[in-house]
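**Student:** need a 3D model of the sequence below.
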Amino acid sequence: MARRLDQIGQLSFDIDALIHAAEVEAAPRWQGAPLHFTIGYFAPAALDEAFEQWCFLNGHFDSIAQSHMWHRYRALNEHVDLGEHSIDTFTADLRCNDHAHRDSAEDCSCVGDMVHLAICEPCGWHLFTGDEPSHVAVNATVRACNRYLFGSFGVEVFRP
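**Tutor:** Sure thing, here's the model as predicted:
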């Protein structure tokens, strides 16, 4: 009986995969932001849509590491409206995908670390940080957003 249930479960999984493959095949050609890492300026909604499209095409499992795309960074406020300003924060994982050498710098020739992006869409202001260790880059992003929004008043809206 258990084997029969396993076969039914596998059949259901296979049917879902066939349906998804047909949906991907029927999807119109993507016209939005790139479906890979980019340093070009795109509105926050365009980055959200591109990441959703990548997940639609490739699945959600390990999508952050595999896509290397900008996605919402939950450790910071994802979106803050302050008067005429609107700050959205994103991160991209540019670390190695090969777990066999991910933590070994001598064997790895991969691109880098976690990088961060802050965007004020109404103004077109944006900031890319990531030349430092991840926690330092997050702090740099937070400080830059606060300086951009409040100058030297010392008011903090973002906190890591």
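**Student:** next secondary structure element downstream of whatever helix or strand L127 lives in?
**Tutor:** Counting by DSSP states H and E, the element that carries L127 is strand 125-129. Along the chain past strand 125-129, the next helix or strand (assigned with DSSP H and E) turns out to be helix 134-150.
**Student:** got the angle for that next one vs strand 125-129?
**Tutor:** Using axes from the mean of the first three to the mean of the last three C-alpha atoms, to 10 degrees, the inter-axis angle of helix 134-150 relative to strand 125-129 is 160 degrees.
**Student:** residue numbering should commence at 427 henceforth.
**Tutor:** Yep, numbering from 427; the last one is helix 560-576 now.
**Student:** check which helices and strands helix 560-576 sits against.
**Tutor:** Counting contacts by 3 or more C-beta pairs under 8 Å, 6 or more residues apart in numbering; DSSP states H and E, helix 560-576 packs against strand 511-519, strand 540-546, strand 551-555. No exception for glycine: its C-beta is placed from N, CA and C like everyone else's.
**Student:** so what strands line up beside the shortest one?
**Tutor:** Which is strand 551-555. Based on DSSP bridges, the pairing partners of strand 551-555 within the sheet are strand 540-546 (antiparallel).
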